[in-house]
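K.L.:
model this:
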Amino acid sequence: MDSPSFPEVESSNSENTGGGGASSAGTSSSSGSSLSRYENQKRRDWNTFCQYLKNHRPPLALSRCSGAHVLEFLRYLDQFGKTKVHNPICPFYGHPNPPAPCPCPLRQAWGSLDALIGRLRAAYEENGGNPETNPFGARAVRLYLREVRDLQSKARGVSYEKKKRKRPPQQLNAVAPPDQPPSHS
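P.N.:
Okay, the predicted model is just below:
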């Protein structure tokens, strides 16, 4: 089985990768020059996943794909990861910047997997998939991502807290405080 490298999997016959034809229906035919970076990455990710299904033994049709197959794909991608994830027995467990090398495995970073699933979830629906049966939105996939996030957070000593949204500055004089009469300018 050919092992495509991730995330830059651009096969030379990307139009023939199990669904590539359908994905070009909603985009321009210039294949990439007018698409955003996000759209290009989403297309590459979709082609990678479709190629994975084609190389699956036995080959797997997209319509038969489940959350379990998505988890299998995510675990497969770990071999191409570049993020050191320390085991609990490693002396550097919990240290974000270890002072020396260790034999702990390299994995896909949680943030990369989370973004990948978001792009694949969108691509699935753009390629005719039913939102109610989207395997990328399966409960098992959400739980797996949460587990990876928590494990990597502990192993690397990095917290993954949600970014706080910046609230738009409120206009002064928009609402007068209750103890002052409204200003009439």
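K.L.:
residue contacts, the spatially closest residue to residue 106 that is not a sequence neighbour?
P.N.:
With sequence-adjacent residues excluded and distances taken as C-beta to C-beta, 6 or more residues apart in numbering, residue 106 is closest to residue 81, at 4.8 Å. The C-beta positions use only the backbone N, C-alpha and C, and glycine is treated the same way. Taking C-beta atoms under 8 Å, 6 or more residues apart in numbering, we find residue 81 in contact with 105, 106, 107, 108, 109.
K.L.:
State the pLDDT value of residue 99.
P.N.:
The model reports residue 99 with a pLDDT of 88.
K.L.:
separation between it and residue 152?
P.N.:
Residue 99 sits 19 Å away from residue 152, going by C-beta to C-beta, to the nearest Å.
K.L.:
For whatever helix or strand residue 149 lives in, which helices and strands make contact with it?
P.N.:
Assessed by DSSP states H and E, residue 149 sits inside helix 139-156. Using 3 or more C-beta pairs under 8 Å, 6 or more residues apart in numbering; DSSP states H and E, the elements in contact with helix 139-156 are helix 67-77, strand 83-84, helix 110-126.
K.L.:
quick one, what contacts the residue lying closest to residue 67 once chain neighbours are set aside?
P.N.:
Once flanking residues are discounted, residue 67 sits nearest to residue 138: 2.8 Å by C-beta to C-beta, 6+ apart. Going by C-beta under 8 Å, 6+ apart, residue 138 touches 66, 67, 70.
K.L.:
which of these tops the neighbour count?
P.N.:
Among the contacts of residue 138, residue 70 has the most neighbours (other C-beta atoms under 10 Å), with 23 neighbours.
K.L.:
Just the local confidence number for that one, please.
P.N.:
As predicted, residue 70 sits at a pLDDT of 97.
K.L.:
Just the C-alphas of the helix holding residue 149, formatted as PDB.
P.N.:
Output in PDB follows, covering the C-alpha atoms of helix 139-156 (Å, rounded to 0.1, in the frame of the first residue of the first chain):
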ATOM      1  CA  ARG A 139     -19.900  11.000  18.700                       C
ATOM      2  CA  ALA A 140     -16.900   8.600  18.700                       C
ATOM      3  CA  VAL A 141     -14.800  11.100  16.700                       C
ATOM      4  CA  ARG A 142     -15.700  13.900  19.100                       C
ATOM      5  CA  LEU A 143     -14.800  11.800  22.100                       C
ATOM      6  CA  TYR A 144     -11.500  10.700  20.500                       C
ATOM      7  CA  LEU A 145     -10.500  14.300  19.800                       C
ATOM      8  CA  ARG A 146     -11.300  15.200  23.400                       C
ATOM      9  CA  GLU A 147      -9.200  12.300  24.600                       C
ATOM     10  CA  VAL A 148      -6.300  13.200  22.400                       C
ATOM     11  CA  ARG A 149      -6.500  16.800  23.500                       C
ATOM     12  CA  ASP A 150      -6.500  15.900  27.200                       C
ATOM     13  CA  LEU A 151      -3.700  13.300  26.800                       C
ATOM     14  CA  GLN A 152      -1.500  15.700  24.900                       C
ATOM     15  CA  SER A 153      -2.300  18.500  27.300                       C
ATOM     16  CA  LYS A 154      -1.000  16.400  30.200                       C
ATOM     17  CA  ALA A 155       1.900  14.800  28.400                       C
ATOM     18  CA  ARG A 156       3.200  18.100  27.000                       C
END
